[in-house]
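*Asks:* prediction below, plus the sequence it came from.
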Amino acid sequence: MVVLADTTNAEWRSKTAKATARKVELADCSFAVFGIPLPEHFRFVSNRFTKWVAHDLTLVTCCPLQEAETGHPELPVDGGQGEAAAVALGEAFRSIGIPVGQVYTSRFNRAYQTAKLAGFAPIEKSIDITEGGLVVSPNENTRRAQAFRKLASIPPPAGTNVVIITHKPNILDAFGKDWFEVKEGEATIFKPEASGYKLLARVEMADWARIATAAKN
């Protein structure tokens, strides 16, 4: 979160409360997005979200894996929690019944391996969602952000979902400051529309197990 120097404490508390409430609302809307009844204390949003089901969506995931050696994107990924999280992500998708029709990853090995470990297919690597940082020109970073937004607005194959596995800088460049605190493994769920895309929910990596458990009940 970025707080401007001339923002008063009262303004900061107000903005923080609104941002927190919005983030909680988006996270818990994920139950209804996937056709799962909302827990009792989330009924206040149920009427707006029960019409959505787990297909024809685009899920943008912030890569949870790290390279074995920082700065070498083609090296094998560093195992551990990130690797286990990627496996758990795929298991949760299958448990919930989320059909995956197409997967796009950045060219970095850690993004591709996230998709592989999750058991997603088919997988296509794309330069448009690959982190450029200081290696590429500002114009190229801008082009990639525009291409990323366009990709998020393309409808998935009928009855399926598109999964995009990329990196925090790409997500920030494409979707703005509201993703400043996006976490590793966090998914943003969009509904592609004629005019672009609509934000439905944000799901942190640990929440997939919670949604999968609810789906079984």
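*Replies:* Looks like it came in fine.
*Asks:* I figured residue 151 hits residue 104, correct?
*Replies:* Yes - at 6.7 Å, residue 151 and residue 104 qualify as touching, with contact defined as CB atoms under 8 Å. Any C-beta I mention is one placed from the backbone N, CA and C, and that applies to glycine too.
*Asks:* what is the least confident helix or strand in this structure?
*Replies:* helix 46-49 (a mean of 39; mean pLDDT, DSSP states H and E).
*Asks:* which strands and helices sit next to the next helix or strand after that one?
*Replies:* Of the helices and strands lying after helix 46-49 in sequence (DSSP states H and E), the nearest is strand 58-62. Contact partners of strand 58-62 among helices and strands, from 3 or more CB pairs under 8 Å, 6 or more residues apart in numbering; DSSP states H and E: helix 138-152, strand 161-166, helix 168-175, strand 187-193.
*Asks:* quick one: low-confidence parts of the chain?
*Replies:* 1-54, 66-80, 217 (pLDDT under 70).
*Asks:* and the strands in it, which stretches?
*Replies:* 58-62, 66-67, 77-78, 100-105, 123-125, 161-166, 187-193, 196-203 (DSSP state E).
*Asks:* direction included, what does the fourth one pair against?
*Replies:* Strands flanking strand 100-105 in the sheet, each with its direction: strand 123-125 (parallel), strand 161-166 (parallel) (DSSP bridges).
*Asks:* can I get those in CSV with mean neighbour count?
*Replies:* CSV is the format used below for the strands paired with strand 100-105 (neighbours: other CB atoms under 10 Å):
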stretch, mean neighbour count
strand 123-125, 15
strand 161-166, 26
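*Asks:* now those as TSV including distance to residue 189?
*Replies:* Shown next, in TSV, are those (distance: least, CB to CB, whole Å):
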stretch	distance to residue 189
strand 123-125	19
strand 161-166	9
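*Asks:* right, and the helices and strands packed on strand 58-62 - which one's nearest residue 116?
*Replies:* strand 161-166 (10.2 Å; CB to CB).
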